[in-house]
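Q: next come a sequence and a model predicted from it.
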Number of protein chains: 6
Amino acid sequence: RGLSFENVFGGATSFLRRRYAKDVTACDLVVTGVPFDQAVTHRPGTRFGPRAIREASTLLPCDPPYGWGFSPLEEFAIADAGDMAFDYADVASTPDLIEAHAANLIGQGPGLVTLGGDHSITLPLLKAHAARHGKLSVIQFDAHSDLWPDDDMGRIDHGTFMGKAVSLGLIDPATSVQIGIRTECEDLRGFNQIDARTCHERGADWVAARIHEIVRGSPCYLTFDIDALDPAFAPGTGTPVWGGLASWQTAAILRDLAGIALVGGDVVEVSPPYDTTGATAVAGAHVASELCCLYLWNKRRNDPA
Amino acid sequence: RGLSFENVFGGATSFLRRRYAKDVTACDLVVTGVPFDQAVTHRPGTRFGPRAIREASTLLPCDPPYGWGFSPLEEFAIADAGDMAFDYADVASTPDLIEAHAANLIGQGPGLVTLGGDHSITLPLLKAHAARHGKLSVIQFDAHSDLWPDDDMGRIDHGTFMGKAVSLGLIDPATSVQIGIRTECEDLRGFNQIDARTCHERGADWVAARIHEIVRGSPCYLTFDIDALDPAFAPGTGTPVWGGLASWQTAAILRDLAGIALVGGDVVEVSPPYDTTGATAVAGAHVASELCCLYLWNKRRNDPA
Amino acid sequence: RGLSFENVFGGATSFLRRRYAKDVTACDLVVTGVPFDQAVTHRPGTRFGPRAIREASTLLPCDPPYGWGFSPLEEFAIADAGDMAFDYADVASTPDLIEAHAANLIGQGPGLVTLGGDHSITLPLLKAHAARHGKLSVIQFDAHSDLWPDDDMGRIDHGTFMGKAVSLGLIDPATSVQIGIRTECEDLRGFNQIDARTCHERGADWVAARIHEIVRGSPCYLTFDIDALDPAFAPGTGTPVWGGLASWQTAAILRDLAGIALVGGDVVEVSPPYDTTGATAVAGAHVASELCCLYLWNKRRNDPA
Amino acid sequence: RGLSFENVFGGATSFLRRRYAKDVTACDLVVTGVPFDQAVTHRPGTRFGPRAIREASTLLPCDPPYGWGFSPLEEFAIADAGDMAFDYADVASTPDLIEAHAANLIGQGPGLVTLGGDHSITLPLLKAHAARHGKLSVIQFDAHSDLWPDDDMGRIDHGTFMGKAVSLGLIDPATSVQIGIRTECEDLRGFNQIDARTCHERGADWVAARIHEIVRGSPCYLTFDIDALDPAFAPGTGTPVWGGLASWQTAAILRDLAGIALVGGDVVEVSPPYDTTGATAVAGAHVASELCCLYLWNKRRNDPA
Amino acid sequence: RGLSFENVFGGATSFLRRRYAKDVTACDLVVTGVPFDQAVTHRPGTRFGPRAIREASTLLPCDPPYGWGFSPLEEFAIADAGDMAFDYADVASTPDLIEAHAANLIGQGPGLVTLGGDHSITLPLLKAHAARHGKLSVIQFDAHSDLWPDDDMGRIDHGTFMGKAVSLGLIDPATSVQIGIRTECEDLRGFNQIDARTCHERGADWVAARIHEIVRGSPCYLTFDIDALDPAFAPGTGTPVWGGLASWQTAAILRDLAGIALVGGDVVEVSPPYDTTGATAVAGAHVASELCCLYLWNKRRNDPA
Amino acid sequence: RGLSFENVFGGATSFLRRRYAKDVTACDLVVTGVPFDQAVTHRPGTRFGPRAIREASTLLPCDPPYGWGFSPLEEFAIADAGDMAFDYADVASTPDLIEAHAANLIGQGPGLVTLGGDHSITLPLLKAHAARHGKLSVIQFDAHSDLWPDDDMGRIDHGTFMGKAVSLGLIDPATSVQIGIRTECEDLRGFNQIDARTCHERGADWVAARIHEIVRGSPCYLTFDIDALDPAFAPGTGTPVWGGLASWQTAAILRDLAGIALVGGDVVEVSPPYDTTGATAVAGAHVASELCCLYLWNKRRNDPA
């Protein structure tokens, strides 16, 4: 807890300058990176996502995050568990390692926010969280539904994993929702969708209210594919699609989700080699910070110090 | 028709992976590139526009385009006629070559969508289309009116060609409209304008309805200068102007134009050397794809298989 | 006054192609650069801001600026006073030099628009203007309030200078306003704020009206930190924060401020090394041009030729 | 054979503008791409290598390649077999597909030059060539020996594959040589090495002569890891090491290898996302062109038309 | 003459901070820009060459240029005549304008160093210089001979202009020489060549001596196509070819040419949109500075103050 | 000592993955960063140098550094002391902080290698080392002598500090040497120089031998301004000058300096915002690694475990 002085441009680049720790038993919340990008249809590069998000997070102010009215860094113990190591030359073995890595961290008590990596990592993350919290509602910000049909559980694919999560019974589509979609998928597997055009036509207030309506009080996992944002706001991603969300819209929706029963979350598909403006890493750091706030908001309410 | 498997990142980069063809008699629609950029006031580079748009198009999903409810690639025969060749060292000869190239393609039957190149190419394209379809209505997305006075027909200039199209009687300004304008021009030559600020204040629905009102059922040509988009969404262009359209707004307007009597169209001024985010080529590919949908929508309705 | 022909891509890159001049007694308005960036918390680079803004300004049309209905370049004498020189190796001496430089220029009669440089330069600029015009109202576009506590007047810091301006009695916070804020600051020192989310929710018309309401007829100084814009629209800045203003919104607000009693202004924090899209310099040139229009609008009304 | 006119900046981007073909029975030489990059220790991106090398090849002159004295494009039938397709989500299956793809092409008769992709693809390529030509000598340009110990044949790793090629008996290290090495490896498995410093001290003539001495007349495969070049000449690669070869040195060595009994070759590790100068793709295209010349030089001598 | 203080990063960006002047009668040497790039086979962008070279020149030290032993800026009157204006929409008219522009400047007395622009501008520059000095020897640094056959004098082409200069009798190939060539051309029209490989094998001393031997005391024009340098040293050019000259080699050759009877020169093909490292503009500024030194060296010797 | 597994692209980015430590009493060698860039004549950005060098160092092989024959990471205790914190808004106070920071670290016993930052930081570093080791010989790799006259000790300037070091008696110019120089300076203050051209003409062996001759056995400090390298090899620096050293040349010289009595060293002027190729950070990491080897080579010889 608390802050020691480092220049924004200097010092070690852990998430929000939190200490690196593998033992996180005393923590309220832990952030970890999964630099895996070997399951993508188009452009790789998200293995550098955790590094870039951490670096961008050093720019986030030491003051409380805007609009939340409390200071996570002062009120809670947050650690950075570093990046998971794995064998890049043995892709098939990685998903189980991710699940074990997450299970180990959340098994020690704290909430977990994961920095990807491509979106395929969310499947083992969902397994770890569902093992602890039961069937989950999912709030998915994304340009793509990731529900394309794929019966082969051996394929490790960032475009079909959410359908597998449904098939595996990890999540309940009826209380889950996808926001920002702007690609077709024939079978939504029961998911609710608020497509990008609807977000723009109805506004952030309406979207946030609709999400609350859908997930109600159920334990939920929030996964944020950075390509939910328009390429203007997040050029650094693998499969950009025009017509996406604006940053201000997304910031307002995330803030207004305060009160959801968040058990964990991730921000994925930040691809630094394509992040020419740097805006993608900045957005990724903001999303991760908002995920921390959403998780701690509840902890604060349920479990006041 | 149909699709054979290629990785998004591999294979030949024809538009939407359509076969390359010079004989297009059996086609419903043909796409061609005109890599000419020697008529610009500021930054060149759009000669690489066709190459970049094609490459970006490989990322567009094989699923039907979002929100259209039909699958152009499965229902229609679309070909890529490649790029027009010309003598870069003899600029004066190029416009006539463009006109002949377009006349040859549309003379074989199919509709034509052209990938520029700078905006000067639209004048010979309008000549070819007007020769076949008579006086045209023009729907022009642009930051600039391209109506600046220029009586010298020998000058090949991307900023004065639309005024020449009026002078030559190729188009009817009264049933034509410019969308996204944010630069002054003293004499609009009878064109309707919906400037960028109006687009932002009234919204996509209103703009689309207003365009329908103006062009009514007349045969129309849609020319899309990518600088209609704000530099945030399309940095890769020659003469960027702030305050432009957003991608989501543009996507909604284009979709809602379904039903216009489109005879052809183009997307121009995509300049890859300045497209640092890649968003410009992505936008160009989306616009070209929407032009295909707009053209085929009518064909489908008028001429059901 | 008037224009001689230069290609957009050629010729000397003074602001709007105005003549360079040190003697500005006969001028209505003068533009100067202060390429100082040695007071920043994060990324430097704004020392190249004046050069980039001038170069971008050559792209602004020779036609009157959009939506204003008059032609500053034809109706008024505007000069470019070049960049202030200073000793980069003696930072402590620079603020006084800036104040003297500005005092010298405005002492000769014309209004002054300054191109930064980092935001710390606004403190000596306010001193120079307050010395001439008395206590000022400030209209500040910014992501940050720059009001963080700092009692040490010797520190030269772009994040605390506005608080010092209050402490020094240069400005009246009650008739001043900050627009686009999206970071917390415990003590606003009496400033009004319209934060970024409010701008997005209420719209440009409302924001402009609210600013008029706050500053009323008081002599005011407009300082525009380019990070008021979202990183999508202005990636080239030192401390980007997501959720910022859009270009179209800002253009509309600035235009609708016509009538305020502007005595001077600046555009700061344009950092070309990070301006990968070029949009930041384009935005900076537009803001500077709008500042000129705002200043001359009044001059035109009060003092018709 | 022969050339039809296309502008350098237009037309389809096959290798050297050769026709795309799957049936290559009538060809002397075929070029194919293997856009696989899922076996790398550091930065991915070489899946876009084939596309970039082809595009760069369009700039190579239609005149005969410099210094060779014959015209491959006019004297021989060369085709581009396009990129191999594979399942990015099933990495373990890919090496066998590569071997089959290469075996199919060379089984039809022509020589084969492959555009990578990461260096792991060379193992299945060696398998295909050794199956046809027997045990091979290898000429490897590289910063790394790729001989690090790895007994697990299931691991697909661009840093250990050459050791596996030795273990599998595909190559004869005693008549093989690595050029440009500047990293340590404990066990060279019998390979000859001419490290980068030696290349710089002895010069291109000496190096070429030494290679001839080592491989003598044995059938050899030339694999060119672009990181053999210094990062100044080839920044676009995954694991850059300073102190590498210069382009002129490499060009001279390759030209002076004329006469070796080349049976096939590849150029790998060109990573366009990191190729900020474009020099890497240009170098890759030149290397591929030199490989074609080396192969056809012998064919021409042995088998004059 | 002389220097007033400006920060390297501030002030007007004339060449070497010389005053802008159209009347150059009192000058010893004048520098001008010709921002024309509409005659290129591949990538445009050199219209921004003059701007970039000037900006890079502000970094050149105020101290005398390295290794020359005299100070051009203190001993001679040098002016910057700015960029020539022309009609980008009427390409055919430009070459005559260039010739007239150059003739006007050198007609006033001073020597002339021109900043391009593409290499086609050298033909009218040679015309203007030959009109004043008679048939010229040419020293051409280049990757390409620019001697490809082209009988059509109306074509404006950067790859064939030198052949036309021979045909027009402007230059004497027997006392002319091309350095750095690495592309084939069937008919050298009598030119001497020192190809790139020879430069690397023989070294700068030998090359400079050989050039002196060829041009002897004849009046000569030095044209420097920046693509003579390897893409590592000059990525920002239109038609890069690997295997080029190194900067140090070129610097040594140019310095050792002191004493040639230089009547004028140019540096062309610097293309800022592709100059990702900035090294190309730095090299262009150095070449232009060396051209000034070569010209003034003689003036100093022949015409001591 | 020793290594735990991290992916190259993952994990914390300390120098060579050494542990972060403030207490370095048990260390043989410590690396620290001084992210200060507020004393530069031209382009800032080196404050991000330490971060970039550390990140690039993660790519250096775990195997022993090439050509040294021992493994520093296994044989010695090396720590990363992180970046020095300082007040960016109070530049005048920084040099003393740097001196104290270095004094504190070397006072605990270990040798020190510092990552800059601009070259001005070397003056306080020299003070700290001279206080411990007495008057020093300096080996300076640089394009500039940094000896320009400046009597004002209050000015903090990266171009005049070495002259001040002479004036303060910290160093002995007669046993000191500058390598790679290619700018004029009137008064060398007794320093030896091996300019860039000489390096290219004589070769690395000669240069290394000459340096040994000059410094003989005296305690020496090696400061490496990355602009000693040519812009092709190190574009990411503030004041690039063409005609610099090649990476291979520099690597050979540094290796051949083994045996000098190195007491400490630094690598400065790595400016990531301009390091478009990444080669500059890679070079910086290599230089820092060679400095470690040079220091430990002696320790190993004098003080065998």
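A: Here it is on my side, so go on. Numbering: from 1, shown residues only, chains lettered A, B, ... in the order given.
Q: residue ranges with poor pLDDT in chain A?
A: The model of chain A has pLDDT under 70 over residues A:1-4, A:304-305.
Q: ok, which stretches of it are strands?
A: Using DSSP state E, the strands of chain A run over A:29-34, A:78-83, A:111-116, A:137-141, A:177-179, A:192-194, A:220-225, A:262-268.
Q: quick one: the residue in the stretch 51-200 of chain A positioned nearest to chain E and A:Leu105, what's the gap?
A: Nearest residue of the stretch 51-200 of chain A to chain E (C-beta to the nearest C-beta) works out as A:Ala52 at 20.2 Å. Quick note: C-beta positions are derived from backbone N, CA and C, even for glycine. A:Ala52 sits 21 Å away from A:Leu105, going by C-beta to C-beta, to the nearest Å.
Q: got it, and A:Leu16?
A: Taken as C-beta to C-beta, the span from A:Leu16 to A:Leu105 is 17 Å.
Q: tell me which of the two has more neighbours.
A: Of the pair A:Leu16 and A:Leu105, A:Leu105 is the one with more neighbours under other C-beta atoms under 10 Å in any protein chain shown, namely 24 against 20.
Q: wait, the more buried one touches A:Asp23, no?
A: No - using C-beta atoms under 8 Å, A:Leu105 is not in contact with A:Asp23, being 10.3 Å away.
Q: residue contacts, A:Asp80?
A: By C-beta atoms under 8 Å, 6 or more residues apart in numbering or on different chains, the residues touching A:Asp80 are A:14-16, A:18-21, A:30-32, A:54.
Q: could you do A:Ala258 as well?
A: Residues near A:Ala258 by C-beta under 8 Å, 6+ apart: A:68, A:293-294, A:297.
Q: what does A:Arg17 give?
A: Applying C-beta under 8 Å, 6+ apart, we find A:Arg17 in contact with A:3, A:6, A:11, A:57-58.
Q: still on that earlier bit, pull out the buried members of the contacts of A:Asp80.
A: Buried positions within the contacts of A:Asp80, assessed by neighbour count (16 or more other C-beta atoms under 10 Å in any protein chain shown), are A:14-16, A:18, A:21, A:30-32, A:54.
Q: save the strands of chain A as TSV, and put in distance to B:Gly159 too.
A: Formatted as TSV, the strands of chain A follow (distance: least, C-beta to C-beta, whole Å):
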stretch	distance to B:Gly159
strand A:29-34	50
strand A:78-83	52
strand A:111-116	46
strand A:137-141	41
strand A:177-179	41
strand A:192-194	42
strand A:220-225	41
strand A:262-268	44
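Q: of the ones you listed, which is nearest B:Leu257?
A: strand A:192-194 (24.1 Å; C-beta to C-beta).
Q: which residues are in contact with that closest one?
A: Counting by C-beta under 8 Å, 6+ apart, A:145, A:173-174, A:176-181, A:207, A:210-211, A:214 sit against strand A:192-194.
Q: so which of these reach chain B?
A: Checked against chain B using C-beta under 8 Å from any C-beta of the partner chain, the contacts of strand A:192-194 give no members in range.
Q: among the residues you listed, which lie within helices?
A: If you go by DSSP state H, the contacts of strand A:192-194 have A:207, A:210-211, A:214 in helices.
Q: tell me the most packed of these, by neighbour count.
A: A:Val207 (24 neighbours).
Q: that residue is in contact with A:Arg197, isn't it?
A: No - in this structure, A:Val207 is not within contact of A:Arg197 by C-beta under 8 Å, at 11.8 Å.
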